[in-house]
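Asks: Requesting a structural model of the entry that follows:
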Amino acid sequence: MQQSWRCWCWRECHHRRCSRIISPHVTWDNLSLVPGLDRNLWTQQWELSKQLERLSIEQRGADPRNTIHNVLLDDITFLGNNVADLLRTSRPSRQQKIDFQRVFLYGSDFSNADLSGVDLSGGRIEAVALKGAILRNVEGFESSDWVDSHWWDAKEISPPLLKQLVAKFYPYHKSDLAYAPPPPPQAEYAQTVRKPCAVSGIACETIPYGKPDTSSDAASGSSSK
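Replies: Now for the predicted structure:
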């Protein structure tokens, strides 16, 4: 590994694994290493998530695996924020296509980031801020999953991606989703979405909007595969 990567050895003491996190930041030269790191973190987080699902809320809170699970999510967020910082800078001509297949973007701020040409095949975008982001010529979106992310705040969305987002990933497309911040009311959301639809020449006569689960047991976000 390059010298710009460091090992969080304290995690080694917890579960005999050591993820390499970028330090101090992602660059265009080491960007190709990010997907592998992210997938490793996501796999570990998902495994712990499945284990914790078998426990009650009280048991989960006292289980040390819950702390490790949350730290893994923090690592994924940290990694995503570093990528977002890079995607706000001028892109080299050699980086017009970016391989983010099977990547988990969680809780990161991609506001005003240029995600043009990113391949999101098999990826998951959860609780990601996208205000002012550019989502042009995104590839592999057909197999991507968008959860608790305000994609409608993006500055530009390519027509094929926009069509899928409107049809499949509208607010509360799963009733147990808990947004932070919450999505706009239905009428305001429909008005917001019709603008990019008109620009893209997409007929958005029917704009779905789900119904949130108001029960006390509603999930606060799945954060899983």
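Asks: Just the buried positions in the lengthiest helix in the chain, please.
Replies: As assigned by DSSP state H, the longest helix anywhere in the chain is helix 64-86. Buried residues in helix 64-86, counted by 16 or more other CB atoms under 10 Å: 65-66, 68-69, 71-73, 75-84, 86. (Each C-beta comes from the backbone N, C-alpha and C, glycine too.)
Asks: Give the next helix or strand downstream of it.
Replies: Sequence-wise, the next helix or strand downstream of helix 64-86 (DSSP states H and E) is strand 98-99.
Asks: quick one: strands adjacent to that next one?
Replies: strand 118-119 (parallel) (DSSP bridges).
Asks: Which strands or helices does the next helix or strand after the strand it pairs with pack on?
Replies: Note on strand 118-119: by DSSP H and E, the next helix or strand toward the C-terminus is strand 124-126. Judged by 3 or more CB pairs under 8 Å, 6 or more residues apart in numbering; DSSP states H and E, the packing partners of strand 124-126 are strand 104-106, strand 145-147.
Asks: right, and residue 108 touches residue 75 too?
Replies: No - judged on CB atoms under 8 Å, residue 108 makes no contact with residue 75 at a distance of 11.3 Å.
Asks: Sketch out the low-pLDDT regions of this structure for me.
Replies: Low-confidence segments of the chain (pLDDT under 70): 1-24, 215-225.
Asks: Pop the domain breakdown of it in here.
Replies: In terms of domains, the chain is parsed into 1-86, 93-213 (source: automatic domain parsing).
Asks: which of those sits most buried?
Replies: Stretch with highest mean neighbour count among the domains of the chain: domain 93-213 (a mean of 18; mean count of other CB atoms under 10 Å).
Asks: how about the nearest residue to residue 31, chain neighbours excluded?
Replies: Closest residue in space to residue 31, ignoring its immediate chain neighbours: residue 86 at 6.6 Å, by CB to CB, 6 or more residues apart in numbering.
Asks: Touching, that neighbour and residue 29? I think so.
Replies: No - judged on CB under 8 Å, residue 86 makes no contact with residue 29 at a distance of 10.4 Å.
Asks: Break down this structure into its helices, ranges please.
Replies: Counting by DSSP H, the chain has helices at residues 9-15, 34-52, 57-62, 64-86, 159-168, 186-200.
Asks: what helices or strands is the second one leaning on?
Replies: Looking back up the chat, that one is helix 34-52. Against helix 34-52 (3+ CB pairs under 8 Å, 6+ apart) you get strand 20-22, helix 64-86, strand 104-106.
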